[in-house]
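> Fold the stuff below for me.
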Amino acid sequence: MAQARRAAPGGVTPIYLDYQATTPVAPEVTAAMRPWIDEKFGNPHSPHRMGREAAAAIEIARERVLTALRKAPGKLYFTSGATEAANWSLKGAAARLPEGKRRIVTIATEHACVLDTVEWLGGQGYEVDILPVGSDGLVDLDLAADRIDARTGLVAAMLVNNEIGVVQPVVEIGEMARGRGALFFCDAVQGLGRVNLPLEACDMAAFSAHKIYGPKGIGALWIRDGVDIDPLLHGGGQEGGMRSGTLSPALCVGFGEAARLLTDRFEADRQHVERLWEIARNLTADWTLNGSAARRYHGNLNIRRDGLDSARLISDVRQAAFSAGSACASGSGRPSHVLAALGLSAPEARSSIRLGFGRYTTEADLAEALGLIAAAADRQSSRAA
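Purely as a prediction, here's the structure:
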């Protein structure tokens with residue numbers, strides 16, 4: 001059940017519609033983490049009782065995340081977030097590619113943590129091929145089949161796009177990679193708990209707790225059994241010698257509790273998002289949808305209106321929190337590479353907004369926020385006329 005907005009010191013908090021940037025922390029997660037911040041503060045790598053208790057809590061959390069992954073055969077390593085997990089998987093896998101297999105193929109709409117890492121690898125002597133997408137945001141499978149060739153050693157594709165919600169055909173892409181003897185990495189951050197995870201087609205996958213109602217500062221890299229990559233961090237030999245650094249029991253426990261809730265609530269969350277999607281589409285029927293209408297996650301609505309200044313709209317509608325795209329891209333000042341890849345012009349990209357909703361969005365709040373956004377957009381249009 002969605003929870004009401006909580007009062008803030010300056011009044012009522014804005015209606016939150018930025019679920020792709022981060023999700024509210026579930027109350028159950030906060031409660032589960034609290035003891036590990038207060039009295040149970042032991043280092044999980046220490047041999048005394050407090051350390052052993054912390055280590056045991058981390059292993060319970062790991063099992064809960066693996067359960068959310070439907071016990072896919074592989075190992076789960078906790079990281080500081082999905083950016084670290086993507087960097088580690090791509091750099092660690094690339095380091096082991098043999099001569100003649102040092103070609104990396106990815107997609108133009110990937111998250112910056114993938115594209116920037118692949119670009120860095122290109123500077124280290126690897127051959128990089130970035131596949132375009134169509135106006136619907138989807139990669140052409142015939143093109144992918146042609147470009148994932150015998151020289152390819154590593155392929156990366158995002159499951160659910162963080163900006164436009166489009167779901168890439170990762171099963172088919174993973175099968176192509178496997179057929180060419182290449183490893184397949186999937187950024188599954190926006191997919192966990194939202195769509196079915198096709199980990200059977202993946203060799204590595206990245207996840208993030210704060211996208212599933214957990215805390216910020218922790219993510220995970222799943223690596224299929226039999227796949228070997230080099231460590232990214234060296235030091236104390238934690239995480240089986242694969243990822244050095246002291247783990248935070250509180251963050252791990254929070255991730256585990258969020259994953260437990262996700263497993264229990266998957267169908268209820270899905271049905272709630274479908275109801276919200278219907279409301280949102282009905283109230284934004286005069287806006288243009290960015291990306292595929294058929295292959296997408298319905299908790300992400302990326303839309304545009306001709307002539308709109310999305311930055312001004314966000315500033316004008318202070319009663320709602322929404323965005324013009326990726327929080328990472330917004331912070332860097334870079335224009336959206338995702339919208340550009342769809343073929344949108346600069347004015348069309350500037351006229352686009354992203355609305356994200358989920359477990360704690362009420363139907364009434366969504367309708368209210370969309371009304372405020374539409375009214376502000378109409379005011380902009382009337383001033384420009």
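
> so how far is G299 from the nearest residue to A321 once chain neighbours are set aside?
What sits nearest to A321 in space, not counting adjacent residues and going by CB to CB, 6 or more residues apart in numbering, is P14, at 4.5 Å. C-betas here are computed from N, CA, C, even on glycine. For P14, the distance to G299 (CB to CB, to the nearest Å) stands at 18 Å.

> What of G193?
From G193 across to G299, the span is 10 Å (CB to CB).

> returning to what we had before: my read: the residue nearest to A321 touches E368, true?
No. With contact defined as CB atoms under 8 Å, P14 does not reach E368; the gap is 10.8 Å.

> joint contacts of the two?
Shared contacts of P14 and E368, defined by CB atoms under 8 Å, 6 or more residues apart in numbering, comprise Q319.

> Surely R318 touches P14?
Yes. Counting by CB under 8 Å, R318 touches P14, with 6.7 Å between them.

> ok, these two, which is more surrounded?
When neighbours are counted by other CB atoms under 10 Å, R318 and P14 differ, and P14 comes out ahead with 18 against 10.

> What's the per-residue pLDDT of that one here?
At P14, the model reports a pLDDT of 95.

> quick one: E274 from R305, how far?
Distance, E274 to R305, by CB to CB: 24 Å.

> One more: L121?
As judged by CB to CB, L121 and R305 stand 39 Å apart.

> same question, V29
Taking CB to CB, one finds V29 at 37 Å from R305.

> swap in L232?
43 Å.

> likewise I130?
For I130, the distance to R305 (CB to CB) stands at 30 Å.

> Now do R265: how many residues are near it, please.
R265 has 15 neighbouring residues, counting by other CB under 10 Å.

> Repeat that for the one 10 residues further on.
The criterion is other CB under 10 Å. On that basis, R275 has 13 neighbouring residues.

> Tell me who's in contact with it.
Shown in contact with R275 (CB under 8 Å, 6+ apart): E363.

> Run the chain-centre distance for stretch 222-235.
Distance, stretch centre to chain centre, for stretch 222-235: 21 Å (CA atoms, centre = their mean, to the nearest Å).

> Straight-line length of it, end to end?
With CA to CA, to the nearest Å as the measure, stretch 222-235 spans 21 Å from end to end.

> Show me the contact partners of it.
For stretch 222-235, the external contacting residues (CB under 8 Å, 6+ apart) are 69, 72-77, 84, 87-89, 91-93, 95-96, 183, 199, 202-207, 241-245.

> Can you flag the buried ones in those residues?
Among the contacts of stretch 222-235, those classed as buried by 16 or more other CB atoms under 10 Å are 69, 72, 74, 76-77, 84, 87-89, 91-93, 183, 199, 202-207, 242-243, 245.

> out of the residues you listed, which are inside strands?
With strands taken from DSSP state E, the overlap with the buried ones among the contacts of stretch 222-235 comprises 74, 76-77, 183, 204-207.

> neighbours of E63, just the number please.
The burial count for E63: 15, using other CB under 10 Å.

> tell me the contacts of it?
G256.

> quick one: the helix or strand in which it is found to strand 204-208, angle?
If you go by DSSP states H and E, E63 is part of helix 49-68. The directions of helix 49-68 and strand 204-208 differ by 110 degrees, with axes from the mean of the first three to the mean of the last three CA atoms, to 10 degrees as the criterion.

> Domains in this structure, by residue range?
The chain resolves into domains spanning 7-26+266-384, 27-260 when parsed by automatic domain parsing.

> how would you label the nearest residue to N87 once chain neighbours are set aside: helix, strand or coil?
Leaving aside its chain neighbours, N87 sits nearest to T117 (5.2 Å; criterion: CB to CB, 6+ apart). Here T117 is helix, with the state taken from DSSP: H, G, I helix; E, B strand; the rest coil.

> D146 belongs to a strand?
No. Counting by three-state DSSP, D146 is not found in a strand; it is helix.

> can you list contacts of stretch 34-42?
Contacting residues not belonging to stretch 34-42 are listed as 48-51, 53-54, 57, 249-250, 253 [CB under 8 Å, 6+ apart].

> Name the next helix or strand following the longest helix along the chain along the chain.
Of all the elements of type helix in the chain, the one with the most residues (DSSP state H) is helix 249-283. Going down the chain from helix 249-283, the next helix or strand is strand 288-289, by DSSP H and E.

> I'd like the average pLDDT over that following strand.
Taken as a whole, strand 288-289 carries a mean pLDDT of 98.

> picking up where we left off before, weakest of the domains of the chain in terms of mean pLDDT?
Taking the mean pLDDT of the domains of the chain, domain 7-26+266-384 comes last: a mean of 91.

> thinking again about what came up before, neighbour count winner among E274 and R305?
Between E274 and R305, counting by other CB under 10 Å, R305 is the more crowded of the two (21 against 11).

> Quick check: the closest residue to that one other than its chain neighbours vs D228, distance?
Excluding the flanking residues, the one nearest R305 by CB to CB, 6+ apart is W287, at 5.3 Å. To D228, W287 is 48 Å away according to CB to CB.

> more neighbours, these two?
Between W287 and D228, W287 has the larger neighbour count (other CB under 10 Å), namely 24 against 10.

> From K101, how far off is that one?
Taking CB to CB, one finds W287 at 45 Å from K101.

> now G153
G153 sits at a distance of 3 Å from K101 (criterion: CB to CB).

> Tell me the residues that contact both of these two, please.
Common neighbours of G153 and K101, counting by CB under 8 Å, 6+ apart, are 181-182.

> Pull the contacting residues for T109.
So, once contact is read as CB under 8 Å, 6+ apart, T109 ends up touching 133, 137, 158, 161, 163-164, 166, 337-338, 341-342.

> Try it again at 6 Å.
Counting by CB atoms under 6 Å, 6 or more residues apart in numbering, T109 touches 133, 161, 338, 341.

> Look at the third one and give its secondary structure.
I take that to be V338. Each residue gets one of three states, and V338 gets helix by three-state DSSP.
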